[in-house]
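Colleague: Sharing a sequence plus its predicted fold:
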Amino acid sequence: METTKTAESITDLTRKGTCIEFFSAYQELDTERMISLATPDATVWFEPLGEGGKGLFQEFGKNVWSLLIDCFPDLDNTVDSMYSEDDLITCKVAIFGTQEKDFLGLPSKGLKFNSDHIFVFRFDENDKIIDLKINWNHEGFVAQLTGV
């Protein structure tokens, strides 16, 4: 029993460490490092974008993060909380930056956004990311960038 509990604790810490590594790479605008933390067939879903917000982590996810970095060159994040349940790690993260280029139909007005996001990471038995769901208040995000 004690051995199982210790193994679970180590796995939990390893997975939380992977999440911190993901957000550290995100802060450094290093999409290659972000992608390297996932399996080749891992998926991502930017939930407020509906079915069009789903794809492979290494392709679709990388493209979205690259576009964000290009349009918001000072993009940054702060991890506010993190908790684990089974093979999931849920992180509440503030994402913020200043828009310098048009982004997904939103013309740049040079405005800043600061938006709470929920990232739910799912891991495989080797502690690699196999799925990531990201949610945020999209209407609030758009309002901050449009000044409305």
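Modeller: On my side now, so go ahead.
Colleague: continuing past the helix or strand harbouring Phe23, what's the next helix or strand?
Modeller: Using DSSP states H and E, Phe23 sits in helix 2-27. Moving toward the C-terminus from helix 2-27, the next helix or strand (DSSP H and E) is helix 31-36.
Colleague: list the buried ones in that next one?
Modeller: 31, 34-35 (16 or more other C-beta atoms under 10 Å). C-beta: built from backbone N, CA, C; applies to glycine.
Colleague: and of the residues you listed, the nearest to Gly17?
Modeller: Nearest to Gly17 among the buried residues of helix 31-36, counting by C-beta to C-beta, is Met34 at 14.4 Å.
Colleague: Do you know the pLDDT at the closest residue to that closest one other than its chain neighbours?
Modeller: Using C-beta to C-beta, 6 or more residues apart in numbering and skipping residues adjacent in sequence, the residue nearest Met34 is Ala25, 4.5 Å away. Note on Ala25: pLDDT of 97.
Colleague: again, but for Gly147
Modeller: So, for Gly147, pLDDT stands at 89.
Colleague: got the contact list for it?
Modeller: 109, 111 (C-beta atoms under 8 Å, 6 or more residues apart in numbering).
Colleague: try 10 Å this time
Modeller: By C-beta atoms under 10 Å, 6 or more residues apart in numbering, Gly147 lies in contact with 109-111.
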